Structure formats: structure tokens, C-alpha cells
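Student: Fold the following for me, if possible:
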Amino acid sequence: MTLDSLAIGQRARILAVDWSCLAPDEGERLRALGLDTGARVAIAHRGVFGGGDPIALLIGRMTVALRRAHAAAMTVETL
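Tutor: Take a look at the predicted model:
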């Protein structure tokens, strides 16, 4: 399952990230925010326009807006 397919409020742990799908600078920013293998996340909200883009993602006590394409590059397991 990928991160973009999680339901709102569902918790998950990132198992893998396909960094080749992302530009190098985007990958660096995501790693700096803590979005890497092992991170525990939850979907807080989805955008109402453009197919649910962006996704508001909870990482610990922080909320991060993430593009749907970036979330699709992350394989997760639900908790």
C-alpha cells in the first residue's frame, strides 16, 4: 500500500521510499522533515480540489503538506 491510499486518520509506518520518483532536492527536503523509512505518519486532511492534492500529513506533532505524487512514492504498512 502507498501513503496516498491511506484513509484520513489512518496511522502507518513508512516501509520504503522510491527516491528515484522524486527530484534530488525534493528528496532532501522530505528527509529533513523526517519522511524516511521507519517514520510513523497519519493522514490529517486531503485537499478538496485537484483529486485530493495536497495531503496534510502528521509526523509526530508536526503537520506537513505533501503532494500526492510524493506520497505515492512511499510504501507503508498500517498500524
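Student: So what's the model's average confidence on whichever helix in the chain runs longest?
Tutor: Ranked by residue count under DSSP state H, the longest helix found in the chain is helix 24-32. Over the span of helix 24-32, the pLDDT mean works out to 90.
Student: buried set for it?
Tutor: Residues of helix 24-32 classed as buried: Gly27, Leu30 (neighbour count, 16 or more other Cβ atoms under 10 Å). Backbone N, C-alpha and C define where each C-beta goes, glycine included.
Student: now do stretch 2-13
Tutor: Judged by neighbour count (16+ other Cβ under 10 Å), stretch 2-13 contains these buried residues: Leu3, Asp4, Leu6, Ala12.
Student: export it as PDB, just CAs?
Tutor: Listed in PDB are the C-alpha atoms of stretch 2-13, where the atom choice follows Å, rounded to 0.1, in the frame of the first residue of the first chain:
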ATOM      1  CA  THR A   2       1.200   3.500  -0.700                       C
ATOM      2  CA  LEU A   3       0.900   6.500   1.500                       C
ATOM      3  CA  ASP A   4      -1.500   8.300  -0.900                       C
ATOM      4  CA  SER A   5      -4.100   5.500  -0.500                       C
ATOM      5  CA  LEU A   6      -4.400   5.800   3.300                       C
ATOM      6  CA  ALA A   7      -7.800   6.900   4.700                       C
ATOM      7  CA  ILE A   8      -8.000  10.100   6.800                       C
ATOM      8  CA  GLY A   9      -7.000   9.400  10.400                       C
ATOM      9  CA  GLN A  10      -5.300   6.100   9.500                       C
ATOM     10  CA  ARG A  11      -1.900   5.600  11.000                       C
ATOM     11  CA  ALA A  12       1.000   3.900   9.200                       C
ATOM     12  CA  ARG A  13       4.800   3.300   9.200                       C
END
